[in-house]
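**Q** any chance you can model this:
(one chain, ligands or ions: 1)
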Amino acid sequence: MRDASKQAPRQTPGGAPSADSQPHFSLLSDHTCSLLIAEPNESGRCLSRPEEYALGLLVVLAGCAALAASVTCWVWLRARPKRAVLAPDGIQEAGIIIRDRYRPPVIVASCGIPVRLNFTRDEEDPCSEKVIFPDFGISRSLPAHRTTTIVLTPEREGEYLFTCAMGMYQGTVVVTGRCSSN
Ligand SMILES: [Cu+2]
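**A** A predicted model of the protein is given here:
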């Protein structure tokens, strides 16, 4: 829409064009506008400096908030635990992909039922050649690009760490629920 104020140059009372023959867009008075900021913006509004700063700050804050939210979301998705699913043979089962880390890093399992963990090593990084479950006395070699199955039977509630040989990759089996043995 054409701004009615975008009209012909103002005329001085005498009829001759004024020295300031630029079209005048401002909602504020010419004088206020020129005091606060040199030029009106495209929408025809004359934004004062404080207004512009506030707007800029708002944009930056909104950007930061959006970034923080997406980082939180990403971290949450990455660390989201996976529950082992009861297989037809009565054993709980979960798959873990190894690529730069254990994916997912947390497996939730019920107490007193054997847990079958299928490790698929999707890399050749020597870091992940072995997986170690210190609490179960298990140390197993994992051939690259293959799935290796490890079965453990947690008898107590708790968190059981598993790592690569150097401890750089870390995962946890979280055992919950009533343990039949105690
Ligand atoms: Cu390692």
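**Q** Tyr102 and Met168 touch, don't they?
**A** No - counting by Cβ atoms under 8 Å, Tyr102 stays clear of Met168, with 10.7 Å between them. For every residue, glycine as well, the C-beta is placed using N, CA and C.
**Q** and those two? which has more neighbours close in?
**A** Just comparing Tyr102 and Met168: by other Cβ atoms under 10 Å the higher neighbour count belongs to Tyr102, 22 against 12.
**Q** quick check: closest non-adjacent residue to the more buried one.
**A** Nearest residue to Tyr102, sequence neighbours excluded (Cβ to Cβ, 6 or more residues apart in numbering): Gly171, at 3.9 Å.
**Q** pull the distance from the helix or strand harbouring the one you found to the chain's centre.
**A** Assigned by DSSP states H and E, Gly171 falls within strand 170-176. Mean-position distance between strand 170-176 and its chain equals 23 Å (Cα atoms, centre = their mean, to the nearest Å).
**Q** just the CA trace of that strand, in PDB.
**A** Only the C-alpha atoms of strand 170-176 are listed here, as PDB (Å, rounded to 0.1, in the frame of the first residue of the first chain):
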ATOM      1  CA  GLN A 170      30.900 -45.900  27.700                       C
ATOM      2  CA  GLY A 171      27.400 -47.400  28.100                       C
ATOM      3  CA  THR A 172      25.200 -48.400  30.900                       C
ATOM      4  CA  VAL A 173      22.700 -51.200  31.500                       C
ATOM      5  CA  VAL A 174      20.100 -49.900  33.900                       C
ATOM      6  CA  VAL A 175      18.500 -52.700  35.800                       C
ATOM      7  CA  THR A 176      15.100 -52.000  37.300                       C
END
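**Q** strand partners (parallel or antiparallel) of that strand?
**A** Next to strand 170-176 in the sheet, as set by DSSP bridges, lie strand 106-110 (parallel), strand 158-163 (antiparallel).
**Q** can you tell which of these is closest to the ion?
**A** Of all the strands paired with strand 170-176, strand 158-163 sits nearest to the ion, with 7.5 Å by Cβ to the ion.
**Q** so what touches that closest one?
**A** 102, 131-136, 152, 154, 169-175 (Cβ atoms under 8 Å, 6 or more residues apart in numbering).
**Q** PyMOL command for the buried members of those residues?
**A** Buried residues among the contacts of strand 158-163 (16 or more other Cβ atoms under 10 Å), as a PyMOL selection:
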select buried, resi 102+131+132+133+152+154+169+171+172+173+174+175
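**Q** out of the contacts of strand 158-163, which comes closest to Val115?
**A** Minimum distance to Val115 across the contacts of strand 158-163 is 5.4 Å, recorded for Leu152 (Cβ to Cβ).
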